[in-house]
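A.B. asks: based on what follows, work out the 3D shape:
(one chain, ligands or ions: 1)
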Amino acid sequence: MKGIKIFSPATVANLACGFDVIGLALDFPKDEIFLYKSNKPGIRINKIHGTSLPNDPKKNVAFVALQFFLKKFQQKFENEKKIGFEIELIKNIHPGSGIGSSAASAAGVVYGANILLGNPFTNIQLIRFAMEGERVASGTAHADNVAPAIMGGVTLVRSYKPLDITKLHTPNKLWVSIIHPQIEIKTSDAREILKQKILMTDAIIQWGNIGALVAGLYQEDYGLISRSLEDVIVEPIRSMLIPAFYELKMKCKEIGALGGGISGSGPSVFMLSKGTHIAKKVTEVMNHVYSPLKVDYKTYTSPINQQGVQWAKIL
Ligand code: HSE
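C.D. replies: Presented below is the predicted three-dimensional model:
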């Protein structure tokens, strides 16, 4: 096996109350990645389509995640020194969109490399390597995008030290509507504006919501999911960065959305709905709210992707 074609999904992190801990994978959009194993040591990014990403390899998330993978692989198998990789990225997920563009690159390359080398690492180890890519992209090695990108579905990070991640049950009628206003919000900036200390009263509301959201997913109780999609800690601060955020949220809920919030660190906003029909109506409302504004935007409607990153073809 010389090479592999991979599809790596967009993801929604911070599922409302789940800042840094709950995320989900989308069916659409997804990146395409071609990864080739080579006998020439080192990692080379041959082509990037669809956007411009840092040429400096130390700032490129795919490079950094794969370098971390390779380092661990060579520590594990000491006589495998002559391995290298060639990467070609087709970026359909816009960098800086808030739907896990950097995570898709990082998760995709480590997943592909693992297959090319005979699956030496577990999913948790792959998530750990991909998190190094996130560290480069945002200054923090958060896992709430790379975990669903690799495991699929809705994932929960119980702990970062040690890394303890679990995939949650997802009701199969749960759909996601996304609007991506094309303004730039850097994750590092969106983290910087957050308070480092929170009120006990807010914490009580937040952990009640997180527990109930998990229960709602398992019980397939859409009412409970809807009541739990509330974030009293991060959203009140970050929403200032997103045009018409509260109008968007209110109108989407009026038409039948269960609820939603800021996707990752923004600027994308997500809404969850029960069923395709309502999800499509919610996406239409998103278009409606944004069309009079002087902001370019894109919208997506997607089911939840249960597989996560997948290989499509052996090359
Ligand atoms: N949990 C991260 C944050 C996700 O909100 O900063 C970034 O995509």
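A.B. asks: OK, contacts around the residue of the stretch 151-300 of the chain found nearest the ligand?
C.D. replies: Closest contact between the stretch 151-300 of the chain and the ligand, by CB to the nearest ligand atom, is at G264 (2.8 Å). (C-beta placed from N, C-alpha, C; glycine too.) When contacts are counted by CB atoms under 8 Å, 6 or more residues apart in numbering, G264 touches 11-14, 98-100, 144-145, 187.
A.B. asks: which of those come close to the ligand?
C.D. replies: 13-14, 144-145, 187 (CB under 6 Å from any ligand atom).
A.B. asks: any idea which helix or strand comes after the longest strand anywhere in the chain?
C.D. replies: For the chain, the strand with the greatest residue count under DSSP state E is strand 22-38. Downstream of strand 22-38, the next assigned helix or strand under DSSP states H and E is strand 42-49.
A.B. asks: residues in contact with whichever helix or strand comes after that next one?
C.D. replies: Remark: after strand 42-49, the chain's next helix or strand is helix 61-76, criterion DSSP H and E. With contacts defined as CB under 8 Å, 6+ apart, helix 61-76 is touched by 33, 43, 45, 57-58, 80-81, 83, 85, 87, 89, 102, 105-110, 113-114, 117, 120-121, 125-126, 129-130, 132-137.
A.B. asks: distance of I278 relative to V309?
C.D. replies: Distance of I278 to V309, given as CB to CB, to the nearest Å: 28 Å.
A.B. asks: looking at those two, which is more packed in?
C.D. replies: Legend: neighbour count by other CB atoms under 10 Å for I278 and V309, higher for V309 (29 against 20).
A.B. asks: give me the pLDDT for that one.
C.D. replies: As predicted, V309 sits at a pLDDT of 98.
A.B. asks: counting neighbours, what do you get for the residue nearest to G260 when sequence neighbours are not counted?
C.D. replies: Closest residue to G260 in three dimensions, ignoring its sequence neighbours and counting by CB to CB, 6 or more residues apart in numbering: M271, at 3.6 Å. Other residues near M271 come to 29 when the count uses other CB under 10 Å.
A.B. asks: again, but for the one 10 residues further on
C.D. replies: Applying the criterion other CB under 10 Å, we find 18 residues in the vicinity of K281.
A.B. asks: next one: A13
C.D. replies: A13 has 32 nearby residues by other CB under 10 Å.
A.B. asks: any idea how far F7 is from it?
C.D. replies: 19 Å.
A.B. asks: show me what F7 is bridged to.
C.D. replies: Under DSSP bridges, the beta-bridge partners of F7 are E32, Q310.
A.B. asks: contacting residues for it?
C.D. replies: 30-33, 108, 309-312 are the contacts of F7 under CB under 8 Å, 6+ apart.
A.B. asks: how about 10 Å then?
C.D. replies: The contact partners of F7, by CB atoms under 10 Å, 6 or more residues apart in numbering, come to 27, 30-33, 90, 92, 104, 108, 305, 307-313.
A.B. asks: ok, now D20?
C.D. replies: D20 is in contact with 13-14, 140, 142-144, 157, 160, 191, 234, counting by CB under 10 Å, 6+ apart.
A.B. asks: correct me, but E230 touches G261?
C.D. replies: Yes: here E230 reaches G261: they are 8.3 Å apart, a contact under CB atoms under 10 Å.
A.B. asks: higher neighbour count, the two?
C.D. replies: G261 (25 against 17).
A.B. asks: bridging residues for the more buried one?
C.D. replies: When bridges are called by DSSP bridges, G261 pairs up with F270.
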